[in-house]
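Participant: here's my sequence, what's the structure:
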Amino acid sequence: MMQIDWVLVRFENAARAVEFEFATAELHRQLPPGVRWLADNRDHELVDNVSIANSDVVLLLEHSLLALESRCLERLQFALVQGYDVVEACDSRHSAPMGAGGYATQRGMERYVDDFPLEVISITPDAANTPLALVGLTTVGALRQRAMHAPKVGRVCGAYAHDVSGYFGSDRSDVAAMVPEKTRKLLDVGGGEGNFLQLIKSRRGVETHLVEMDKAAAECAKSNGRADQVWVGDFLAFESPLAFDCISFLDMLEHVMEPERYLIHARQLLSTNGVVLASIPNVGHWSVVADLIEGRWDYVPAGIHCITHLRFFTEKSIADLWERAGYTVERIERVLSPAPSDWCDLWGKSRGLTANRCSLDTYAFLIVGRPKGGV
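Facilitator: A predicted model of the protein is given here:
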């Protein structure tokens, strides 16, 4: 039976977004019952408390917004008893000695881990050059002794964690080139902490506006000056005397029940030559198809299987959506994460089935649409 007595969290995130609450709940579910939590790395409460046994096992987390591969904790515990003071998992921020992760779903992360043998590699941490691990395992005794001797540290190949803390913080540099050059006023809907707007403003000097429902993310954008104007609430209730040259919905339309209404409302806020820019994940991506073949659909804090997705799209249903909302699609780009060739070859042997290789390779679509007949 897995033994973890304490969890030490270096930084506790105050955001209460549904995606973050889901991540934390899943993390709790993977832990044995009775585990005690200490936030903000208050390890002195363990070190100084003489009634706490040296043998107590401590899970070290940089934060709680993590998706752990299903075998991560068991493999860390296996490694800890091999004579190490501290063992660390590989993770999406620094995956070595495992290779870079090529997965898009929870099951895909399991397949990725399957490619690496369980192995513990001794490392010598360099405070100047070695990033802190997101997940580690140690004992109270090792914490008490660390000031007196250099700990023996092992990195566990085959124990893996994915960082989801940047959910609201991406600058979406992959989309920047699709913002029209003549844009002077840009409105980003559901843009989280405003990093996309900050990037565009730094490159183009445009006037930036943000509509964001999550209060914590919107406050972050406002307090850090990442957007010129920030409005908190549902875009359907947003009104402005301004006319925007570009309105962006970056991985947002799949989170609402009626995305058509959001596109229709955007038409009323566009300038004469204004366009709408969107990125939408593709449910026809090979990783999703592979999961379904295995009978899996695992909700996660972020990605194609995000717990807050209400609608799911393929290229055809995206085209239908924009048509119903009164737009002409002027440009569509594919974000590619190609399917394994040998995997795709299997479908060529299936009678009566024509596999759409382009769809299988496409993780998401980037779309620029213009209202039919002007605004």
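Participant: where along the stretch 201-350 of the chain do the helices fall?
Facilitator: Along the stretch 201-350 of the chain, counting by DSSP state H, counting those that start in this stretch, helices occupy 215-223, 259-267, 286-293, 315-324, 341-345.
Participant: contacting residues for His265?
Facilitator: Contact partners of His265, counting by CB atoms under 8 Å, 6 or more residues apart in numbering, are Phe235, Leu236, Phe238. Every C-beta, even on glycine, is put in place using the N, C-alpha and C of the backbone.
Participant: and the pLDDT for it?
Facilitator: We have a pLDDT of 98 for His265.
Participant: equivalent analysis for the one 3 residues further on, please.
Facilitator: Looking at Gln268, its pLDDT is 96.
Participant: and for it, the neighbour number?
Facilitator: Residue crowding around Gln268 was assessed by other CB atoms under 10 Å; the count is 11.
Participant: try Asn49
Facilitator: 9.
Participant: try Ile121
Facilitator: The number of residues packed near Ile121 is 14, by other CB under 10 Å.
Participant: related to what we said a few turns ago, and Asn13, which of the helices of the stretch 201-350 of the chain is closest to it?
Facilitator: Taking CB to CB, helix 215-223 is the member of the helices of the stretch 201-350 of the chain nearest to Asn13, at 9.0 Å.
Participant: buried stuff in the closest one?
Facilitator: Ala216, Ala217, Ala218, Cys220, Ala221, Lys222 (16 or more other CB atoms under 10 Å).
Participant: and if you look at stretch 31-38?
Facilitator: Leu38.
Participant: can you list contacts of it?
Facilitator: 1-9, 45-46, 59, 73.
Participant: and these, which two are the farthest apart?
Facilitator: The span of the contacts of stretch 31-38, defined through CB to CB, is set by Met1 and Glu45 at 25.4 Å.
Participant: ok, those two, which is more surrounded?
Facilitator: Higher neighbour count among Met1 and Glu45: Glu45, with 12 against 4, using other CB under 10 Å.
Participant: so who does that one touch?
Facilitator: Contacts of Glu45 by CB under 8 Å, 6+ apart are Leu38.
Participant: ok, Leu321 to Pro301 distance?
Facilitator: Distance, Leu321 to Pro301, using CB to CB, to the nearest Å: 25 Å.
Participant: more neighbours, the two?
Facilitator: When Leu321 is set against Pro301 and neighbours are counted by other CB under 10 Å, the residue ahead is Pro301, at 25 against 21.
Participant: thinking the more buried one is in contact with Gly166, fair?
Facilitator: No. Using CB atoms under 8 Å, Pro301 is not in contact with Gly166, being 10.9 Å away.
Participant: show me where pLDDT drops low in the protein?
Facilitator: The chain contains residues with pLDDT under 70 at 1, 14-15, 125-131, 147-148, 348-349, 374-375.
Participant: next SSE downstream of the longest helix along the chain?
Facilitator: Longest helix in the chain, counting residues (DSSP state H): helix 18-29. Sequence order places strand 36-38 as the next helix or strand after helix 18-29, per DSSP states H and E.
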